[in-house]
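K.L.:
the sequence isn't on hand, but the structure is:
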Ligand SMILES: Nc1ncnc2c1ncn2[C@@H]1O[C@H](COP(=O)(O)OP(=O)(O)OP(=O)(O)O)[C@@H](O)[C@H]1O
């Protein structure tokens, strides 16, 4: 996936550099382990093909068997010679040292530096990414799993936005949502995340970055960043979950999932955007509601988008227990019948 801009180094130069100076270790709390390279080498069988999990834009990922077989982890390796990769890895370590959620995030276990390489050790997610589940399998997830994934990602993003100071992820997309051993969707890849209030100098100085197709059109300059940029990307992710279409797919016209799906949602033609590979949704009201939430999240004016807290409250109405759901719906007022003004 192509990053529009990952130019964090120049931002660090102009901003409050000591805040992020991981190497001098002034601000990073020691909650993670410092691994020896030799341990990671043997834990991955010498980074063998057998342990290879995948390759991203900044390096490769391997499965590691640590602590005498008691801990299975994923090791991401990036090369120091790529400055953008280095700054993203350092940033990911910094952020993940401060936010931790065993059920919602792909958490940091530790890290190691060796010669020209940074190695970051994180929770191992044995069931691939949401991108793979939606786009690369012959058996895509059914509607109830999709609803669960949507709700789990919403909770993960909300927990970032409501931490103190808040964290804006800036790269929410299906390939950064990984599925754990219990089938839960967890948010990973915090390389572009920013921790701080929007008025903080670090946040104000960092150039826009993200992935094409998910990037908020209002986020054109550093000062435009807000949590609503994550809300936009989350809306794209919801459209992807509902339709099974990629954020941008040149095989379709229009290629953008937003340009295609939102007019249909506004006309109430929800069935037209539902993924045909998995049949009709049994819980049509929930999918209807999810589609409306998605359309609200991708509104062109950031201030008109709901917060992740509001999205969460609406999604909580899909409790698997119909009685609980009915009560919640009564108390909160469902979306059904609401007009959607872009
Ligand atoms: N914690 C993990 N557990 C298991 N597999 C992982 C883990 N992290 C990444 N992977 C796998 O490794 C591959 C590369 O991941 P990585 O995060 O480096 O890149 P990406 O998110 O796919 O792409 P990009 O770097 O462009 O954002 C992914 O396909 C993913 O399935």
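P.N.:
Perfect, thanks for sending it. None of the values given here were measured: they were computed from a predicted structure. Numbers count the residues shown, from 1 in each chain.

K.L.:
now the strands: where do they sit in the stretch 1-150 of the chain?
P.N.:
Under the criterion DSSP state E, counting those that start in this stretch, strands of the stretch 1-150 of the chain are mapped to 33-34, 52-56, 59-66, 71-79, 108-114, 117-123.

K.L.:
neighbouring strands for the longest one, and are they parallel or not?
P.N.:
In other words, strand 71-79. For strand 71-79, the paired strands and their directions (DSSP bridges) read strand 59-66 (antiparallel), strand 117-123 (antiparallel).

K.L.:
could you do the fifth one as well?
P.N.:
Strands flanking strand 108-114 in the sheet, each with its direction: strand 33-34 (parallel), strand 117-123 (antiparallel) (DSSP bridges).

K.L.:
ok so, going back, now the strands of the stretch 1-150 of the chain in CSV, with mean pLDDT and mean neighbour count?
P.N.:
(Glycine included, C-beta is placed from N, CA and C.) Written out in CSV, the entries for the strands of the stretch 1-150 of the chain read as follows (pLDDT from 0 to 100; neighbours: other C-beta atoms under 10 Å):
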stretch, mean pLDDT, mean neighbour count
strand 33-34, 92, 12
strand 52-56, 92, 13
strand 59-66, 96, 20
strand 71-79, 93, 21
strand 108-114, 94, 19
strand 117-123, 94, 22
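
K.L.:
closest to the ligand out of these?
P.N.:
Distance to the ligand, taken as C-beta to the nearest ligand atom, is lowest for strand 52-56 among those, at 2.1 Å.

K.L.:
contacts for the closest one next, please.
P.N.:
The contact list for strand 52-56 (C-beta atoms under 8 Å, 6 or more residues apart in numbering) reads 60-63, 74, 76, 189.

K.L.:
leaving aside the residues adjacent along the chain, what's closest to the residue most central in space within the chain?
P.N.:
Computing the C-alpha centroid of the chain and ranking residues by C-alpha atoms, centre = their mean puts residue 172 first, at 3.3 Å. Here the nearest residue to residue 172 in space, its sequence neighbours aside, is residue 233; by C-beta to C-beta, 6 or more residues apart in numbering that works out to 3.9 Å.

K.L.:
bridging residues for the closest residue to residue 93 other than its chain neighbours?
P.N.:
By the measure of C-beta to C-beta, 6+ apart, the closest residue to residue 93 outside its immediate chain neighbours is residue 111, 5.5 Å from it. Taking DSSP bridges, one obtains residue 34, residue 120 as the residues bridged to residue 111.

K.L.:
so this protein: which segments form each domain?
P.N.:
If the domains of the chain are taken from automatic domain parsing, they occupy 11-123, 130-336, with pieces of a single domain joined by a plus sign.

K.L.:
what's the least confident stretch among those?
P.N.:
Among the domains of the chain, domain 11-123 carries the lowest mean pLDDT, at a mean of 82.

K.L.:
so where do the helices sit in the stretch 151-300 of the chain?
P.N.:
Using DSSP state H, counting those that start in this stretch, the helices of the stretch 151-300 of the chain run over 201-205, 227-243, 257-266, 284-297.

K.L.:
helix 284-297 and the third one, what's the angle between them?
P.N.:
Pointing back at helix 257-266 there. 130 degrees (axes from the mean of the first three to the mean of the last three C-alpha atoms, to 10 degrees).

K.L.:
contacting residues around helix 257-266?
P.N.:
213, 235-236, 239-240, 242-243, 245-249, 252, 254, 270, 272-273, 291-292, 294-295, 298, 340, 342.

K.L.:
list buried members of these by neighbour count.
P.N.:
If you count burial by 16 or more other C-beta atoms under 10 Å, the buried members of the contacts of helix 257-266 come out as 213, 235-236, 239-240, 242-243, 245-249, 270, 273, 291-292, 294-295, 298.
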